[in-house]
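1. I'll drop the sequence and a predicted model, then ask my questions.
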Amino acid sequence: SPSTSKARAPTENEACAMAAMSAMAAAAGVKEKPEKQEKQEEQAGDNAEPIRRDKQAMHHYYSAWDQFDVDGELEKLDEEALEQQRREREERQAEKDKILDELAVRPDGDRTRTSKARPRVKIAVRASGRRVAPVDLAEPKRKEANGYF
């Protein structure tokens, strides 16, 4: 039949399961056979041993799962994802800064920006260090008047 003649690629879940099984087999000390040898054994027919899940005893299978650090693997995957997001964010910011720098150069070669500071730097304005404006004096009176209505 056409479906048996073509070898299909494993799905993402199957690939993940195969990777986990090989990691557990390696932790249990079981060596995997090359794919060619496995295919030859499958083609041998009646003489082949019955197919078992991963060719290891059940107590090795469960002890390998006990040794597998799921929380550590999840944490490692989360750290990799966060690092990737941080790198992408920095790349986007660098690209934006580069565009702003290119826009800051006039056609005659002179720069429109005179500061060496990075573009879009946040500036904190201290309220205690500035003079009192008339608006600041009127604000308490406005609140008092609004309270009467």
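-> Happy to help now that I have it.

2. which regions of this structure sit below the pLDDT cut-off?
-> Flagging of the chain using pLDDT under 70 yields the residue ranges 1-7, 30-54, 109-116, 119, 127.

3. how about the helices in it?
-> 2-5, 12-28, 35-43, 58-67, 70-104, 134-148 (DSSP state H).

4. Check which residues of the second one are buried.
-> Counting neighbours by 16 or more other Cβ atoms under 10 Å, one finds that the buried residues in helix 12-28 are 21, 24-25, 28. Just so you know, the C-beta spots here come from the backbone N, C-alpha and C atoms, and that holds for glycine as well.

5. tell me what that helix is packed against?
-> In this structure, helix 12-28 packs against helix 58-67, with contacts taken as 3 or more Cβ pairs under 8 Å, 6 or more residues apart in numbering; DSSP states H and E.

6. I'd like to check the angle between the helix it packs on and helix 12-28, please.
-> Computed by axes from the mean of the first three to the mean of the last three Cα atoms, to 10 degrees, the angle separating helix 58-67 from helix 12-28 equals 100 degrees.

7. Just the buried positions in helix 58-67, please.
-> 60-61, 64.

8. From Ala104, how far out is Gln67?
-> In this structure, Gln67 and Ala104 are separated by 58 Å, where distance is defined by Cβ to Cβ, to the nearest Å.

9. ok so, going back, closest one to Val121 among the helices of the chain?
-> helix 70-104 (10.7 Å; Cβ to Cβ).

10. Off-centre distance for the closest one?
-> Using Cα atoms, centre = their mean, to the nearest Å, the distance from the centre of helix 70-104 to the centre of the chain it belongs to is 9 Å.
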